[in-house]
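1. Model the following, please.
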Amino acid sequence: MTLRSLGSLAALAVLAAVAGCANEPTRVQPGATAADTLQRLGAPTGRYPLNNGGERLQYSRMPAGFEVTDIDVDASGKVVSVTQVLNEARFGYDIKVNQWRQNDVMAFYGRPYQIDRVSSFDGVVWTWRYKAVNERRMLYIYIDPTGVVRRYHTGDDLEFERVRD
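-> Below you'll find the predicted structure:
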């Protein structure tokens, strides 16, 4: 391979990296317009109305990924916050046990990685994958038959370990 070919290859790699950053939801800045955000990122995986007349644009990487980014837009169409919500440090502040309903969970975390039932709980358990300091983890939210969140907990993601064995 010639020096010129290597230089061209390096330039392509830099362009690909820059293009990848343009599609990263966490790089959207408050103050950007919803229209610019949608043009830059494409269609969100979820759209949810907010109480203030604004809208949440949600970009989820489920089921294969580990991030869900909520981009909140005010009634005038400006981005007011950008939050990667699958963050273990936030769960205790964000999840409203005995208050949130199924729709609240969906509007905050989006579609879960999976939905299960367990014998120790009358209801369903919604699960999301996330990373904590590069460790694969799971968030479990327990929703009773009336649609109310009753508890949550986190645990290790053992699926990768099962595949390796």
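2. so what's the residue nearest the centre of the chain bridging to?
-> In the chain, the residue lying closest to the centroid (C-alpha atoms, centre = their mean) is Val68, at 0.5 Å. Taking DSSP bridges as the rule, Val68 bridges to Ser60.
3. where does it sit relative to Phe121, distance-wise?
-> Spatial separation of Val68 from Phe121 under the definition C-beta to C-beta, to the nearest Å is 23 Å. Every residue, glycine included, has its C-beta placed from N, CA and C.
4. Equivalent analysis for Val148, please.
-> For Val148, the distance to Phe121 (C-beta to C-beta) stands at 12 Å.
5. Also Ala132?
-> Taking C-beta to C-beta as the measure, Ala132 falls 24 Å from Phe121.
6. same deal with Arg101?
-> Using C-beta to C-beta, one obtains 17 Å as the distance from Arg101 to Phe121.
7. now do Gln84
-> 28 Å.
8. Which residue ranges of this structure form strands?
-> 46-49, 55-60, 68-73, 79-84, 114-116, 124-132, 135-143, 149-156 (DSSP state E).
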